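J.: need a structure here:
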Amino acid sequence: MTFARMWSDLAPVGRAGDGGYRRFAWTQEDHVLREWFAGEADARGLSLVTDRAGNQWAWWGDPDATPGVVTGSHLDSVPGGGAFDGPLGVVSAFAALDTLRARGFEPGRPLGIASFVDEEGARFGVACAGSRLLTGALDADRARGLRDADGVTMADALSTAGRDPAGLAADPEALRRVASFVELHVEQGRGLVHTGDPVGVGRMIWPHGRWRVELHGEANHAGTTPLADRRDPMLDLASFIAHVRAAALDAGALATVGKLRVDPNGVNAIPSRVTAWLDVRAESEAAVQAVLSALQDYAPARESWTPVTVLDADLADTVVDALGGAPRLSTGAGHDAGILAAAGVPTAMLFVRNPSGISHAPAEDADEADCLAGVDALATTLERLLA
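T.: You can find the predicted model right below:
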């Protein structure tokens, strides 16, 4: 079974000691994943193309003659992430193509499989960097200057990975080849557990963004500085986190402080500065703005923003009809599908049931039977769209 074989091949790549995964953009792990994608494309006789943003595309047919239907997802992870977020969509895309060929189906237009780079933004801080660069939503000069936790710029990381950072740019020609996009993804919640369905269809993606907050203090010795004389930004951080929680509760939003940088980060030193990253999401943009308004004294600086994304209704209807009915879900998680939709590409999403409801953690899960149901649903959807 091709699904099981591909899943087994990916399982050890970037596996961490806690059982989760660490697959960051433009690292050795990323290189292995990119080679794996290229190998799967070659084994099927697909044409492999890498766009100017670094995203990989495997084509069955010629998209320069006729724009095609694309499916796929991403292969990178958050720190300590689960196995399914991203890779399930890429593995399922190849497996769905295999299913179509086993059915003897001959597509009436090209089929593409995409693997978007740096979707999680775990290394350089901007989510969906590959699709944002592709569509021009992320400026290439800004992207080249982004730094990871070790101070390495994206430009330096690209050079180390054997890519020319000067070539990083929007790629309207690559985007023009995409007539529509269908992304399969593990559900990041328990909606399908409650409905009892193995597969659902996306309706909308909540608005969401990331902001950076700088808290300044004065470095000093932990053992000689009286408490009354300290300017400790960690106390400001504690107050900030409490304000974030209260603001989110008041607005009916979700807000998280999940990443910090402490300078100088010594056990016996009072910090001089703390940098905190804030993630805010809600069903409405007004709720997100309400959280930010409540935190304006902290002067949060926006690093990325994705407005509410209503996925293509006609395409969703086609998917639901092809599946003989399926529940429709909204999601608070960002996806490359949302970036393409914002760029004008008709886009749909399929979600596969996650019994744990947990994501971005090792307990993220999906039963094999549900994964195979997702492959079948994706193949049936593609068959309808490619006819």
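
J.: who touches stretch 292-308?
T.: 121, 125-128, 132, 204-215, 240, 243-244, 246-247, 250-251, 277-278, 280, 284-285, 334, 338-339, 342 (Cβ atoms under 8 Å, 6 or more residues apart in numbering). Where C-beta positions appear, they are placed from N, C-alpha and C, glycine not excepted.

J.: among the residues you listed, which ones are buried?
T.: Among the contacts of stretch 292-308, the ones that count as buried by 16 or more other Cβ atoms under 10 Å are 121, 125-128, 132, 204-213, 215, 240, 243-244, 247, 251, 277-278, 280, 334, 338-339, 342.

J.: quick one: which of these sit in strands?
T.: The strands, defined by DSSP state E, take in M204, I205, H208, G209, R210, W211, R212, V213, L215, W277, L278, V280 from these.

J.: Strands of the stretch 1-150 of the chain, start to end?
T.: Along the stretch 1-150 of the chain, the stretches classed as strands by DSSP state E, counting those that start in this stretch are 47-50, 56-60, 68-74, 111-116.

J.: of these, which approaches A326 most closely?
T.: Closest of the strands of the stretch 1-150 of the chain to A326 is strand 68-74, at 16.4 Å (criterion: Cβ to Cβ).

J.: partners of that closest one, with directions?
T.: strand 111-116 (parallel), strand 178-186 (parallel) (DSSP bridges).

J.: Output stretch 345-362 as PDB, restricted to C-alpha atoms.
T.: Extracted as PDB, the C-alpha positions of stretch 345-362 are listed here (Å, rounded to 0.1, in the frame of the first residue of the first chain):
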ATOM      1  CA  VAL A 345      -7.200  31.100  -6.400                       C
ATOM      2  CA  PRO A 346     -10.400  29.100  -5.900                       C
ATOM      3  CA  THR A 347      -9.600  26.900  -2.900                       C
ATOM      4  CA  ALA A 348     -11.200  24.100  -0.900                       C
ATOM      5  CA  MET A 349     -10.100  22.100   2.100                       C
ATOM      6  CA  LEU A 350     -10.700  18.600   3.300                       C
ATOM      7  CA  PHE A 351     -10.200  17.700   7.000                       C
ATOM      8  CA  VAL A 352      -9.500  14.200   8.300                       C
ATOM      9  CA  ARG A 353     -10.800  13.300  11.800                       C
ATOM     10  CA  ASN A 354      -8.300  13.700  14.700                       C
ATOM     11  CA  PRO A 355      -9.500  11.500  17.700                       C
ATOM     12  CA  SER A 356      -7.300  13.300  20.200                       C
ATOM     13  CA  GLY A 357      -8.300  16.800  18.900                       C
ATOM     14  CA  ILE A 358      -4.700  17.800  19.700                       C
ATOM     15  CA  SER A 359      -2.400  19.500  17.200                       C
ATOM     16  CA  HIS A 360       1.100  21.000  17.200                       C
ATOM     17  CA  ALA A 361       2.000  18.300  19.800                       C
ATOM     18  CA  PRO A 362       3.100  14.700  19.700                       C
END
